[in-house]
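> Need a 3D model of the following:
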Amino acid sequence: MAGRGLGRGLLIQQRFIKPKKTMNKKSFQAVRGMRDILPDDQRYWEKVRRIIGKVAETYDFARIDTPILENVDLFVKGTGAFTDIVEKEMFALRTKGGDKLVLRPEFTPSVIRAYLENGLSRLPHPVKLYSVGPIFRYERPQKGRYRQSEQASFETIGEKDPVLDAQLIQLFFSISGELGLKRLVTQINSVGCPQCRPNYKKALLVFFRKIKNELCSDCQRRLKQNPLRLLDCKNEKCAQLTEDAPQVIDSLCGECHNHFKSVLEYLDELEIPYILNSRLVRGLDYYTKTVFEIWPEEKDGRQIALAGGGRYDGLVKLLGGRETQAVGFAIGLDRMIALMKERKIKAPSKARASVFLVQLGDLGKKKSLSLFEKLQKAGIKTATSFNRDRMTTQLKIANKLGSRFALILGQKEALDETIIVRDMISGIQEVVPMAKIINVLKKKIKSKLVVKRLV
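As a prediction, the model looks like this:
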């Protein structure tokens, strides 16, 4: 009995002594294809969005924001049931009430829906609208391509003049120029209209049926649904096979031919570089006449389209409106920023605070809160570190930030309603009445700026 009891006691002891297995805490990461935009990158985004807004206003575009969630049928009908967006790339969901919704995969159908629903069609035309925001596509993540990406979209609704096609391209080059992005080229084509496109499709069917067995499985399916999309296949073998395919330019009716000719003449007048790309079709069913993409000219061959769009004269009627001509394009902001970084275009640095507010003691800290707010409202950019108590520590921070002046507010100054102004370069200090500090600082900052310009 004693032996059994001893053994049992040893067993219990071993259980307590044996190290426990540490449980791995779940490590959360961003969903595949999504990413965080960190503080250092926000400067790029702020600059891009600011310039887009500025140029949009210059070209008389009004901003419109549409919901991220839309009815799935809007894109099935508007974009095309057999497009890659609808077949492969949409984030679709069903609500508890049974509604079929989709995370917006592009802007154009949403903008046209809003244009019709909100009575914008009654405004003087053309109606010029732009949007900035996220779009969602379920595709293989790669450089410059995310499942959630940011786009800027520009739509001109209610006018058929080819000058507007060229002006949208000009608008993009105005934005890219202000961002410092040069060496860009426009790839452009015409996909005709419902009158002349059927003849071109017949010519494509005759050509591709002869080489059907050499095409990828997607293209064999597209051959039955929409042969135009075979020209847009990214498969290298298919791309080689399409080199000898009939060109749409040879099938254009007189109106489409003249329209395209005029667009090119306007681009020549604007001195915007372009390349005729007979295989460019953009892969969306609503396009008519002009289609274009804008690419960087990279010597190493690494290319990715920065923007793309074209004319969509039938979409408004397709979505329930009257027959209305329209043209638009979208800019991939993620790609623009990636190219800015590749080409070492710097984002604007954070504005330096010319004044650093040093606070000492409880009373000094309390008074500093209201003073800090007054300085900001007066337009004097001020930094501070309320969580630090020692003056030497705070002055080191002021020096590191490059602030020209330090304001020192301690217990004595708070009681006397004064403040010490310290020149961080010369070290000279003076006591200033609190009531006069804003005027004194403005004069000092102005005088230093004048001296700096003269030097």
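> From now on I want contacts and neighbour counts done on CA atoms only, so please keep to that.
OK.
> and the longest helix along the chain, which residues are buried?
Assignment by DSSP state H gives helix 39-58 as the longest helix of the chain. Going by neighbour count (16 or more other C-alpha atoms under 10 Å), the buried part of helix 39-58 is 44-45, 47-48, 51-53, 55-56.
> going on from that helix, what's the next piece of helix or strand?
Where DSSP states H and E defines the elements, the next helix or strand beyond helix 39-58 is strand 62-63.
> quick one: the very next helix or strand once past that next one to chain centroid distance?
Moving toward the C-terminus from strand 62-63, the next helix or strand (DSSP H and E) is strand 69-71. On the basis of C-alpha atoms, centre = their mean, to the nearest Å, strand 69-71 sits 20 Å off its chain's mean C-alpha point.
> Now do strand 69-71: which elements does it pack against?
Here strand 69-71 touches strand 100-103, going by 3 or more C-alpha pairs under 8 Å, 6 or more residues apart in numbering; DSSP states H and E.
> contacts for the strand it packs on?
Applying C-alpha atoms under 8 Å, 6 or more residues apart in numbering, the contact partners of strand 100-103 are 68-72, 90-95, 135-136.
> switch the cut-off to 6 Å
Strand 100-103 is contacted from outside by 68-72, 91-94, using C-alpha atoms under 6 Å, 6 or more residues apart in numbering.
> same thing with stretch 248-265?
162, 166, 192, 196, 200.
> which of the residues in that stretch are buried?
Across stretch 248-265, burial judged by 16+ other C-alpha under 10 Å covers 248-249, 251-252, 256-257, 259-260, 262-264.
> from the chain's centre, how far out does that stretch sit?
32 Å.
> Send over that stretch as PDB, restricted to the C-alpha atoms.
C-alpha atoms of stretch 248-265 as PDB (Å, rounded to 0.1, in the frame of the first residue of the first chain):
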ATOM      1  CA  VAL A 248     -11.100  46.800 -86.100                       C
ATOM      2  CA  ILE A 249      -9.900  50.000 -87.800                       C
ATOM      3  CA  ASP A 250     -10.600  48.300 -91.200                       C
ATOM      4  CA  SER A 251     -14.300  47.600 -90.200                       C
ATOM      5  CA  LEU A 252     -15.300  51.000 -88.800                       C
ATOM      6  CA  CYS A 253     -18.300  52.700 -90.300                       C
ATOM      7  CA  GLY A 254     -17.900  56.300 -91.600                       C
ATOM      8  CA  GLU A 255     -19.100  57.900 -88.300                       C
ATOM      9  CA  CYS A 256     -16.700  55.900 -86.100                       C
ATOM     10  CA  HIS A 257     -13.800  56.400 -88.500                       C
ATOM     11  CA  ASN A 258     -14.300  60.200 -88.500                       C
ATOM     12  CA  HIS A 259     -14.700  60.200 -84.700                       C
ATOM     13  CA  PHE A 260     -11.500  58.300 -84.100                       C
ATOM     14  CA  LYS A 261      -9.600  60.400 -86.700                       C
ATOM     15  CA  SER A 262     -10.700  63.600 -84.800                       C
ATOM     16  CA  VAL A 263      -9.600  62.300 -81.400                       C
ATOM     17  CA  LEU A 264      -6.200  61.500 -82.800                       C
ATOM     18  CA  GLU A 265      -6.000  65.000 -84.400                       C
END
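> quick check, S121 in a strand?
No. Assignment of S121 by DSSP: H, G, I helix; E, B strand; the rest coil gives helix, placing it outside any strand.
> What sits closest to it if chain neighbours are left out?
Y115 (6.1 Å; C-alpha to C-alpha, 6 or more residues apart in numbering).
> Secondary structure element holding that neighbour?
Y115 belongs to helix 108-117 when assigned by DSSP H and E.
> Which is the succeeding secondary structure element to that helix?
Using DSSP H and E, the helix or strand that follows helix 108-117 in sequence is strand 127-136.
> Please state the offset of that next one from the chain centre?
Distance, centroid of strand 127-136 to centroid of chain: 10 Å (C-alpha atoms, centre = their mean).
> tell me the angle of the helix or strand just after it relative to helix 39-58?
Reading on from strand 127-136 to the C-terminus, the next helix or strand found by DSSP H and E is strand 148-157. Angle, strand 148-157 to helix 39-58, by axes from the mean of the first three to the mean of the last three C-alpha atoms, to 10 degrees: 0 degrees.
> So which elements touch whichever helix or strand comes after strand 148-157?
Following strand 148-157 in sequence order, the next helix or strand is helix 162-178 (DSSP H and E). Applying 3 or more C-alpha pairs under 6 Å, 6 or more residues apart in numbering; DSSP states H and E, we find helix 162-178 packed against helix 254-270.
> neighbouring strands for the following helix or strand past the helix it packs on, and are they parallel or not?
Downstream of helix 254-270, the first helix or strand assigned by DSSP H and E is strand 274-276. Paired neighbours of strand 274-276 in the sheet (DSSP bridges): strand 184-190 (parallel).
> got the contact list for the partner strand?
Residues external to strand 184-190 that are found in contact with it (C-alpha under 6 Å, 6+ apart): 273-278, 289-297.
> Dihedrals phi and psi, L284?
phi -120, psi 140 (degrees, to the nearest 10).
> Tell me, what's the model's pLDDT at it?
In the predicted model, L284 carries a pLDDT score of 75.
> ok, it to K77 distance?
Separation of L284 from K77 (C-alpha to C-alpha, to the nearest Å) stands at 11 Å.
> For these two, indicate the residue with more neighbours.
Remark: of L284 and K77, L284 carries more neighbours, 20 against 17, as counted by other C-alpha atoms under 10 Å.
> Quickly note the distance from the closest residue to G320 other than its chain neighbours to L319.
Nearest residue to G320, sequence neighbours excluded (C-alpha to C-alpha, 6+ apart): L116, at 7.8 Å. Per C-alpha to C-alpha, L116 is found 8 Å from L319.
> ok, now P194?
To L319, P194 is 17 Å away according to C-alpha to C-alpha.
> which of the two has more neighbours?
Higher neighbour count among P194 and L319: L319, with 16 against 11, using other C-alpha under 10 Å.
> Beyond the helix or strand harbouring K317, next helix or strand please.
Assigned by DSSP H and E, K317 belongs to helix 315-318. Moving toward the C-terminus from helix 315-318, the next helix or strand (DSSP H and E) is strand 326-332.
> Show me what counts as buried in that next one.
By neighbour count with 16+ other C-alpha under 10 Å, strand 326-332 contains the buried residues 326-332.
> what's the offset of it from the middle of its chain?
13 Å.
> now the angle from whichever helix or strand comes after that strand to strand 148-157?
Counting by DSSP H and E, the next helix or strand C-terminal to strand 326-332 is helix 333-342. Between the axes of helix 333-342 and strand 148-157, defined by the same axes, to 10 degrees, the angle is 110 degrees.
> So what angle separates the directions of helix 333-342 and helix 162-178?
Going by the same axes, to 10 degrees, helix 333-342 makes 40 degrees with helix 162-178.
> How many residues are close by the closest residue to R94 other than its chain neighbours?
Leaving aside its sequence neighbours, R94 sits nearest to K100 (C-alpha to C-alpha, 6+ apart; 4.6 Å). Number of residues near K100 (other C-alpha under 10 Å) recorded here: 14.
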